[in-house]
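**Student:** Pasting a predicted model and its sequence here:
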Amino acid sequence: MQQSLIKKATLFLICFILAIPFIQGQNQISSEVVYLKNGSVVKGNIVEWIPNESISLQTSDGNLFVFKIAEIERVKRELSKVEATPQKEKAQKTPNLYESNIALGFGSSSGKYGLDVLCFNLVYGKNLDKHHFIGAGTGIRYFDAIEMTMIPIIVDWRYKINQNDISPYVRLSAGYSLNVSNGIENSGFLVDPRIGIDFKLNQSNLSIDMGYQTQQMAFYTIDPVNPWPLSKIYRFSESLKFSLSLSF
């Protein structure tokens, strides 16, 4: 069953390396330089050139000069480089006021009561400022080893360090999960802290994170002296969780 769960997880969890180049571009602008026979030099943009007659040149301050061909010694085009605005001087992007988040994840069992789990989250909330997000949502937790499906009802909080194209963050989802496989008897609390990196994609954000999810549920033990009825104890099933999410 564990192999089956891993195969399912690979359908939506892909190990990938994101290489994002940082380019400080430069723009080039051109202008013409007119050298006159009397030694004068005038720089601007040619707005009219009448062959064998005259050249009209407009300077950067808006003045227009007309020179006869007989007055001109030579004309030269000049390229000047204008550096693009440095990245650090660009205004930080303002986040959308309201935000939806869809996340898919896989938790690998950890600890004595750990179980592998497939995870899906759907969260909607509000960006309180450039750093803090608060929302609420639901999702699915599927434990393949015991064929159990749980529906969590969660509150979600995130702290993003900045609004750059790449931004680290911390996130916490917590709530209560309802067991829908065999009634709601085996329900319990869910705590899902994680850290991650957020990548800006036009109007949306792609995130990858990892954390340590704990889900409270009932486990049954057998008393060798009195095997029936089974003894039920509530423990937290722990898993090391990796997830991908899209915010928009």
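**Tutor:** Thanks, I have the structure now. Residues are numbered from 1 along each chain as shown.
**Student:** from here on, contacts and neighbour counts on C-alpha atoms
**Tutor:** OK.
**Student:** low-scoring stretches of the chain, by residue?
**Tutor:** The chain contains residues with pLDDT under 70 at 1-30, 79-94, 221-231.
**Student:** quick one: the helices in it?
**Tutor:** Taking DSSP state H, the helices of the chain run over residues 2-9.
**Student:** how close does the residue of the chain most remote from its centre sit to Val191?
**Tutor:** The C-alpha centroid of the chain is most remote from Ala70, which lies 63.0 Å away (Cα atoms, centre = their mean). As judged by Cα to Cα, to the nearest Å, Ala70 and Val191 stand 85 Å apart.
**Student:** Report the residue ranges of every domain in this protein.
**Tutor:** Per automatic domain parsing, the domain ranges recorded for the chain read 2-15+97-247, 32-79.
**Student:** dump the residue contacts of the residue nearest to Asn205 when sequence neighbours are not counted.
**Tutor:** In this structure, Asn205 finds its nearest non-sequential neighbour in Ser247, 5.0 Å apart by Cα to Cα, 6 or more residues apart in numbering. Ser247 makes contacts with Glu99, Ser100, Asn101, Ile102, Ser204, Asn205, Leu206, as judged by Cα atoms under 8 Å, 6 or more residues apart in numbering.
**Student:** Check the gap between Ser239 and Thr214 for me.
**Tutor:** Going from Ser239 to Thr214 by Cα to Cα gives 7 Å.
**Student:** Next, count neighbours for the spatially closest residue to Leu64 that is not a sequence neighbour.
**Tutor:** Leaving aside its sequence neighbours, Leu64 sits nearest to Gln58 (Cα to Cα, 6+ apart; 4.4 Å). Gln58 has 19 neighbours, counted by other Cα atoms under 10 Å.
**Student:** ok, Gln58 touching Phe67?
**Tutor:** No: Gln58 sits out of contact with Phe67 when judged by Cα atoms under 8 Å, with a separation of 11.3 Å.
**Student:** Find the residues that touch each one of those two.
**Tutor:** Counting by Cα under 8 Å, 6+ apart, Gln58 and Phe67 have no common neighbour.
**Student:** rewinding a little: bridge partners for the residue nearest to Asn205, pull those for me.
**Tutor:** Counting by DSSP bridges, Ser247 is bridged to Asn101, Asn205.
**Student:** what do you get for Leu178?
**Tutor:** Beta-bridge partners for Leu178, by DSSP bridges, are Ile151.
**Student:** OK, contacts around it?
**Tutor:** Counting by Cα under 8 Å, 6+ apart, the residues that Leu178 touches are Met150, Ile151, Pro152, Ile184, Asn186, Ser187, Gly188.
**Student:** Just confirm the second one contacts Gly175, I think it does.
**Tutor:** So the one you mean is Ile151. No: if you go by Cα under 8 Å, Ile151 and Gly175 don't touch, sitting 10.4 Å apart.
**Student:** For these two, indicate the residue with more neighbours.
**Tutor:** Taking other Cα under 10 Å, Ile151 and Gly175 do not tie; Ile151 has more neighbours (21 against 18).
**Student:** gap between that one and Gln163?
**Tutor:** In terms of Cα to Cα, Ile151 sits 32 Å off from Gln163.
**Student:** now swap in Ile46 and tell me
**Tutor:** Distance, Ile46 to Gln163, using Cα to Cα: 44 Å.
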